[in-house]
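Colleague: Sequence and predicted structure are below.
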Amino acid sequence: MKTMKSIMLCAVLTLFAVGLVLYPAEVSAAVRQSAERCLNVLIPSLFAFMAVSAMLISSGSTAMLSRPFRLFSRYILRMPDSLFAVMLISFAAGYPVGVKLISDMLDKGEIDEKTASSAASFCYCGGPAFYSGAVGLAVFGSRDVGTLIFLSVLSADLVLAVVVCRFSELKAKTVDKHNKGGALLVSSVNSAGKSMAAVCMTVIFFSSMTALCDCCGLFSFIQRLFGLTDNGMTVLKAFIELTSLTELEGCPYNLLPVICAACSFGGVCIIMQLFALKSERMSLLRFIELRPLAAVLSALFCKLYQPKLIGTAVFTISSNKSLCKINNLGASICLILMIFLLNFKKTLVISERV
């Protein structure tokens with residue numbers, strides 16, 4: 001079995017290398033676009049959340065964040081306060097943040113491997129800003145659509161949380177050692193910077209692989225084989241790369257349940273980012289097993305919420321693709337330089353102490 005896996009891996013990587021030689025222009029364009037997407041979208045939207053979230057974990061303030069919801073977290077979800085706070089943050093911050101925070105808690109000894117694996121299955125959401133901007137406004141020209149998608153994904157995650165906490169006891173303990181003052185800021189910024197580097201490199205690599213599949217005609221073959229429309233093929237691509245949803249044409253309200261399912265799944269690219277961010281001690285097997293169920297639940301909740309939130313009529317609204325083309329290049333470069341200077345300063349302080 002190991003020999004077969006090695007042969008298959010070698011064959012795939014060899015084909016990938018051959019594709020890089022045959023289609024250098026297409027791959028270069030995909031890498032350039034993905035790098036621009038990281039600088040203009042991912043870093044500005046995720047870095048601050050990752051840094052602040054890391055501060056909450058490192059300072060031990062997560063228990064206070066969840067205190068107003070203690071009755072709900074303790075007696076309905078049966079979840080420790082610190083993990084409930086991580087779940088709240090993951091619902092607002094973005095897909096990779098929840099798994100990153102759970103990994104930090106695991107490395108600090110606040111939770112065990114079983115609890116980390118169970119919690120990762122439902123601490124996973126794109127956040128209302130992403131759904132409203134990248135999908136609701138950019139495709140449908142309506143924030144209500146973004147709200148519908150967010151509530152559908154959120155409801156599915158809450159159902160998973162209730163089910164998982166009923167069958168698996170989540171345990172968390174308080175760790176007395178917490179960072180304070182300047183050390184808290186520096187360590188949190190450094191942790192967020194390393195995490196963003198892993199996320200961006202994964203996105204760039206995955207974009208090159210997707211570009212090769214497109215150049216080889218794989219997507220066109222699938223579209224002809226199943227008789228998919230252009231929008232249908234775009235939604236299918238979203239299960240691989242979620243930002244493909246911004247390429248939807250018109251206002252495909254009939255595809256909203258499938259769009260919600262894709263947003264709940266997150267795409268293969270985002271799941272690869274989770275593997276890049278997670279702790280070596282953490283398993284994502286439970287997450288992979290339950291994510292298809294979450295996608296189905298999100299589609300069902302969309303069917304339930306859609307008549308109440310946006311109605312059944314299809315409106316022709318001009319979409320605004322420019323929402324996804326905001327130029328944050330300068331700010332992102334300054335942010336990267338700041339992280340470099342913080343690391344450099346930290347190294348100097350350690351050298352002086354030694």
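Modeller: Received, thanks. Bear in mind that the values here come from a model prediction, so they are computed numbers and not experimental data.

Colleague: which helix is the longest one in this protein?
Modeller: With secondary structure taken from DSSP state H, the chain has its longest helix at helix 181-215.

Colleague: Show me what that helix is packed up against.
Modeller: Other helices and strands packing on helix 181-215, by 3 or more CB pairs under 8 Å, 6 or more residues apart in numbering; DSSP states H and E, are helix 2-22, helix 24-37, helix 43-59, helix 95-107, helix 268-277, helix 329-353. Bear in mind the C-beta positions are built from the backbone N, C-alpha and C, glycine included.

Colleague: Please identify the buried residues of the first one?
Modeller: If you call a residue buried by 16 or more other CB atoms under 10 Å, then helix 2-22 has these buried ones: Gly19, Leu20.

Colleague: ok and it relative to helix 24-37, angle-wise?
Modeller: Calculated by axes from the mean of the first three to the mean of the last three CA atoms, to 10 degrees, helix 2-22 forms an angle of 100 degrees with helix 24-37.

Colleague: before we move on, the earlier item: so which of the helices and strands packed on helix 181-215 is the most packed in?
Modeller: helix 95-107 (a mean of 25; mean count of other CB atoms under 10 Å).

Colleague: tell me what whatever helix or strand comes next after that one is packed against?
Modeller: Heading C-terminal from helix 95-107, the first helix or strand you meet, by DSSP states H and E, is helix 113-120. Judged by 3+ CB pairs under 8 Å, 6+ apart, the packing partners of helix 113-120 are helix 81-93, helix 95-107, helix 285-309.

Colleague: change it to 7 Å
Modeller: Counting contacts by 3 or more CB pairs under 7 Å, 6 or more residues apart in numbering; DSSP states H and E, helix 113-120 is packed against helix 95-107, helix 285-309.

Colleague: re earlier: for Val203, find the nearest of the helices and strands packed on helix 181-215.
Modeller: Of all these, it is helix 24-37 that lies closest to Val203, at 5.4 Å by CB to CB.

Colleague: Give me the distance from that closest one to the chain's centre.
Modeller: In terms of CA atoms, centre = their mean, to the nearest Å, the centre of helix 24-37 is set 21 Å apart from its chain centre.

Colleague: Next: stretch 239-251.
Modeller: Centroid displacement of stretch 239-251 relative to its chain, using CA atoms, centre = their mean, is 16 Å.
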